[in-house]
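Visitor: need coordinates for the following:
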Amino acid sequence: MKRLNMDNIIKISMFICYLVYFSYLIISKKLFIYIHPRLMPIIIAAIVIMILTILCMATYIPEKNIKRKKKIKFYDYAFFLIPLIVIIFIEINTTGYTTKDTFNDTISSQTGNIGGTNKTDSVMKDNEHIRKKNTLDISENTINICSNNFLFSLNEILDNPDKYKDYNINISGFVYRDITLNENEFVIGRYIMVCCAADMQITGIICTYDKNEIYNNYTWIKANGKICTKISEGNEVVYLNLESIEKDKNPDTSYIYPY
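Guide: Okay, here's the model as predicted:
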């Protein structure tokens, strides 16, 4: 009777745990909290490699040669086991914490055309999404800014302040303040991700509001105001002079991707 290779069984078990966790992140769409959607092919490739590795190792579970049983030691598997323990700990402590901040709106827009549609329809929808993302939404002298066109709109306005000065603007984002801003100033912003969560930063535009108390940091709001400019330390600064703000009870918390 052939002896079972416990070393391979333990390694295969750990690979299966990683495989299940990666699959869970993709199915639940939590993966895009941590990485840019364009990195998805790399994740798929990693899953394929893990599956092939598991299949190859499975062929060596029955030991072909009778030999002395190897003593199982924790440190032999620490390289793979410690990250697995950390993953389990993080998941347990974050369950129920992230709700709308899982950014399902962005995820849906990135993955909604996978399957169920023909190639022509998918390409047309992608082109329409790109067009909206790189076009100012202007109606009746009012610029409407949402998650889809947030970055392009702000870049266009900041690069051409004279062109859009005194335009009305509707914008949504979260409140961010630091010690460099005046008491009646804050930034209305969103998180921008270039590659992964490690390089995320806040992008937005300075706003002034004198009517009521400003909301706390990271409170999602809808705001309306005018595009204005002023000279500060010899430089022209573009800002929004807000006329009204209100708390956004159902915010679109999507990440912003520069490309």
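Visitor: now what about stretch 199-212, what contacts it?
Guide: 150-151, 154, 157-158, 171, 173, 176, 181-182, 184-193, 223, 225, 237-242, 244-245, 255-256 (Cβ atoms under 8 Å, 6 or more residues apart in numbering). Yep, even glycine has a C-beta here, placed from its N, CA and C like the rest.
Visitor: next one: stretch 156-163
Guide: 136, 143, 164, 205, 227, 229, 236, 238.
Visitor: out of the contacts of stretch 199-212, which sit inside helices?
Guide: 150-151, 154, 157-158 (DSSP state H).
Visitor: helices of the stretch 1-150 of the chain, start to end?
Guide: 6-28, 40-58, 78-94, 104-111, 119-133, 150-159 (DSSP state H, counting those that start in this stretch).
Visitor: check those helices for me: which has the lowest mean pLDDT.
Guide: Among those, helix 104-111 has the lowest mean pLDDT, at a mean of 31.
Visitor: just give the number of residues close to Leu151.
Guide: 20 (other Cβ atoms under 10 Å).
Visitor: go ahead and confirm it touches Ser254.
Guide: No: the criterion here is Cβ atoms under 8 Å, and Leu151 misses it with Ser254 at 11.4 Å.
Visitor: any idea how far Glu243 is from the residue lying closest to Val237 once chain neighbours are set aside?
Guide: Using Cβ to Cβ, 6 or more residues apart in numbering and skipping the chain neighbours, the partner closest in space to Val237 is Lys230 (5.4 Å). Going from Lys230 to Glu243 by Cβ to Cβ, to the nearest Å gives 17 Å.
Visitor: cool, and Val48?
Guide: 54 Å.
Visitor: likewise Lys226?
Guide: Lys226 is 7 Å from Glu243, by Cβ to Cβ.
Visitor: so which of these two has more stuff around it?
Guide: When Lys226 and Glu243 are compared for neighbours, Lys226 comes out ahead with 16 against 13, by other Cβ under 10 Å.
Visitor: check that one and give its pLDDT.
Guide: Confidence score, pLDDT, at Lys226: 93.
Visitor: that one contacts Asn168, doesn't it?
Guide: Yes: using Cβ under 8 Å as the test, Lys226 is close enough to Asn168 to be in contact (6.0 Å).
Visitor: follow-up on the earlier one: quick check on the contacts of stretch 156-163: which are buried?
Guide: 143, 164, 205, 227, 238 (16 or more other Cβ atoms under 10 Å).
Visitor: pull out the buried residues from stretch 208-220.
Guide: 208-209, 214-215, 220.
Visitor: equivalent analysis for stretch 224-233, please.
Guide: 225-227.
Visitor: let's have these in JSON lines, adding distance to Leu39.
Guide: As requested, the buried residues of stretch 224-233 are exported to JSON lines (distance: Cβ to Cβ, whole Å):
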{"residue": "Gly225", "distance to Leu39": "37"}
{"residue": "Lys226", "distance to Leu39": "39"}
{"residue": "Ile227", "distance to Leu39": "35"}
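Visitor: please narrow those to those residing in strands.
Guide: 225-227 (DSSP state E).
Visitor: re earlier: any idea how far the residue nearest to Val237 lies from Glu185?
Guide: From Lys230 to Glu185 the distance is 11 Å (Cβ to Cβ).
Visitor: any common contacting residues for those two?
Guide: With Cβ under 8 Å, 6+ apart, Lys230 and Glu185 have common neighbours Tyr239.
Visitor: find the nearest non-adjacent residue to Asp76, please.
Guide: Asp76 sits nearest to Asp7 (Cβ to Cβ, 6+ apart), 7.8 Å away.
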